[in-house]
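>>> After the sequence you'll find the predicted model.
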Amino acid sequence: MKHEQNIDCGGGYLKLLPAGLDQSKFNGDSEYNIMFGPDICGATKKVHVIFNYKGKNHLINKEIPCESDALAHLYTLVVKPDNTYKVSIDGQEKQTGSLKEDWDMLPPKQINDPKASKPSDWDDRAKIDDPSDKKPEGWDAIPAQIRDASASKPDDWDDELDGEWEAPLIDNPEYKGEWKAKQIDNPAYKGAWVHPKIDNPDYVDDNTLGQYKSHKFVGIEIWQVKSGTLFDDFYVGDSEEEAKTRADKWQLKAKAEKEAKEKSEEADRAKAEAEAKAKGDSAGGSDDHGDHDHDHDHENDVELRDEL
């Protein structure tokens, strides 16, 4: 994938779709098996990996950083029969793990016991107010704001038109805020209450996650603010070795592209520097010409004085 437009917001995804799709009606709502690719928008720069399981789409719950420059990058997703996966970018592993743990396709093995609840006498406050700490007398009598004693009524103030003048309010330097008792350790503290767990009766294990009856079509879904993303060099198969062989060949193209881009950028910089220097020399030349004329006039003056 290559974001030639210097993408700032948008996604570009590869989809594997099952047999039965009417390609003429393919759209973002078409049922798919797997959706894979980078999502970029502002500070969000991550790879989406989504599996369809029992009619529902499930997004990976781990963060996988993606690339956002204007170069081509190779995104690889490997899904294995043992319910493990691996995501790589340009041949470098970025994330790996278990389909059972890193997606919410299966219900949790354990749930909170619905029959259990926190006892009414369970005290989970680590700190409490010190009962011996008392609010000082007169604390609440100190206002938060007071009239500005340094203010005076403007000369153009008209009591009949403007009403009775009052000095503006300012923060009271004597105000100490709302009084709060000192905190002490709670002698009755029992710690945080932990809800007891029980085995989830709805849990059913499944060792066929990521496996589908058919992968018939490859589709591309693009949602972007600025267009310009390119896709090429697709491989969908069951051989990591062949995928790596193809990736190694692609790396050669990617290296050549990067070197060509760096060379082009260097040439552009050199050209810009040369043009800036030429412009500066041209401006300097004009000044030298003026100085030369001045010196010439000075020489004529000297010759004239000598003749006189």
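Ah, there it is.

>>> Not counting stretch 9-26 itself, show me its contacts.
For stretch 9-26, the surrounding residues in contact (C-beta atoms under 8 Å, 6 or more residues apart in numbering) are 1, 3, 30-42, 48, 75, 212-226, 229, 231, 234, 236. Just so you know, the C-beta spots here come from the backbone N, C-alpha and C atoms, and that holds for glycine as well.

>>> Check the separation of the first and last residues in that stretch.
Counting by C-alpha to C-alpha, to the nearest Å, you get 23 Å between the two ends of stretch 9-26.

>>> Can you flag which of the contacts of stretch 9-26 belong to strands?
Taking DSSP state E, the ones among the contacts of stretch 9-26 that sit in strands are 3, 34-41, 48, 75, 217-224, 229.

>>> Emit the ChimeraX select command for whichever of those are buried.
Only the buried entries of these go into this ChimeraX selection, using 16 or more other C-beta atoms under 10 Å:
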select :3,34,35,36,37,38,39,40,75,217,219,221,224,229
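
>>> How is this protein divided into domains?
As given by automatic domain parsing, the domain ranges for the chain are 2-108+206-238, 251-308.

>>> Report the distance from stretch 7-24 to the chain centre.
23 Å (C-alpha atoms, centre = their mean, to the nearest Å).

>>> what about it, how long is it end to end?
End-to-end for stretch 7-24, by C-alpha to C-alpha: 28 Å.

>>> buried residues in that stretch?
Buried residues in stretch 7-24 (16+ other C-beta under 10 Å): 7, 10-18.

>>> sorry, back to before: most packed of the domains of the chain?
domain 2-108+206-238 (a mean of 15; mean count of other C-beta atoms under 10 Å).

>>> Tell me where the model's unsure across the protein.
283-308 (pLDDT under 70).

>>> which residue ranges form the helices in it?
Per DSSP state H, the chain carries helices over the ranges 99-102, 159-162, 240-307.

>>> Next, the buried residues of the second one.
If you call a residue buried by 16+ other C-beta under 10 Å, then helix 159-162 has no buried ones at all.

>>> Can you dump the C-alpha atoms of it in CSV for me?
In CSV, the C-alpha atoms belonging to helix 159-162 read as follows (Å, rounded to 0.1, in the frame of the first residue of the first chain):
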residue,chain,number,x,y,z
ASP,A,159,-26.8,57.3,39.5
GLU,A,160,-30.2,58.0,37.9
LEU,A,161,-29.3,56.3,34.6
ASP,A,162,-26.7,53.7,35.8
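
>>> Name the residues that touch it?
Trp165.

>>> So that it lines up with my notes, have the first residue be 442 from now on.
Sure, I'll start counting at 442 from here, so that last one is helix 600-603.

>>> quick one on the thing from earlier: out of the domains of the chain, which gets nearest to Asp581?
Nearest to Asp581 among those is domain 443-549+647-679 (46.1 Å), distances taken as C-beta to C-beta.

>>> centre of the chain versus that closest one, how much separation?
Counting by C-alpha atoms, centre = their mean, domain 443-549+647-679 comes out at 18 Å from the chain centroid.

>>> Kindly check the end-to-end length of that domain for me.
Terminal residues of domain 443-549+647-679 lie 25 Å apart, using C-alpha to C-alpha.

>>> Same question for stretch 558-565.
The separation between the terminal residues of stretch 558-565, taken as C-alpha to C-alpha, is 14 Å.

>>> And for stretch 637-657?
Start-to-end, stretch 637-657 (C-alpha to C-alpha) is 46 Å.

>>> what does it contact?
With C-beta under 8 Å, 6+ apart as the test, stretch 637-657 has contacts from 457-462, 474-475, 492, 494, 520-522, 524, 526, 540-541, 544, 546-554, 557, 677.
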